[in-house]
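Asker: Quick one: sequence plus predicted model below, questions after.
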Amino acid sequence: MISTVSTKRYTINTIREEVFNLVEVGAISSNQPLRILCEYLPPQYWDKIERELEINDYLLRDRIIDLLGNLRWDND
């Protein structure tokens with residue numbers, strides 16, 4: 001029997017979308033450091049998420065707004 005394992009790919013755009021949703025619902029604020037994401041994103045993917053952030057020149061001490069700066073805010 002062949003077993004398939006579903007692996008979610010966390011690209012920088014996927015991470016931005018997830019973070020945008022967390023900010024929009026008020027779970028996190030845009031002035032918090034990126035390290036807060038480890039409390040909200042799946043722990044089994046955290047290594048991949050952290051690596052993707054680093055590849056894109058984000059540090060865990062950077063602010064959420066730094067990650068979301070390029071997104072369009074409809075409620076402004």
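Answerer: Yes, it's here.
Asker: Locate the residue nearest the centre of the chain within the secondary structure: which element?
Answerer: The C-alpha lying nearest the average C-alpha coordinate of the chain belongs to residue 15 (C-alpha atoms, centre = their mean; 3.4 Å). Using DSSP states H and E, residue 15 maps to helix 12-24.
Asker: For that helix, what is the distance to the chain centroid?
Answerer: Centroid separation between helix 12-24 and its chain, computed with C-alpha atoms, centre = their mean, to the nearest Å, is 5 Å.
Asker: Which strands or helices does the helix or strand just after it pack on?
Answerer: Helices and strands here follow DSSP H and E; after helix 12-24, the next one along the chain is helix 46-55. When contacts are defined as 3 or more C-beta pairs under 8 Å, 6 or more residues apart in numbering; DSSP states H and E, helix 46-55 sits against helix 12-24. From N, CA and C alone the C-beta is placed, and that goes for glycine too.
Asker: Can you tell me the closest non-neighbouring residue to residue 55?
Answerer: Residue nearest to residue 55 in three dimensions, not counting chain neighbours: residue 12, with 7.8 Å by C-beta to C-beta, 6 or more residues apart in numbering.
Asker: now do residue 41
Answerer: The nearest residue in space to residue 41 (C-beta to C-beta, 6+ apart) is residue 49, at 5.8 Å.
Asker: is it true that the one you found touches residue 35?
Answerer: No. Proximity of residue 49 to residue 35 does not meet the contact threshold set by C-beta atoms under 8 Å, at 11.1 Å.
Asker: More neighbours: the two, which one.
Answerer: With other C-beta atoms under 10 Å as the criterion, residue 49 and residue 35 differ in neighbour count, and residue 49 comes out ahead with 21 against 13.
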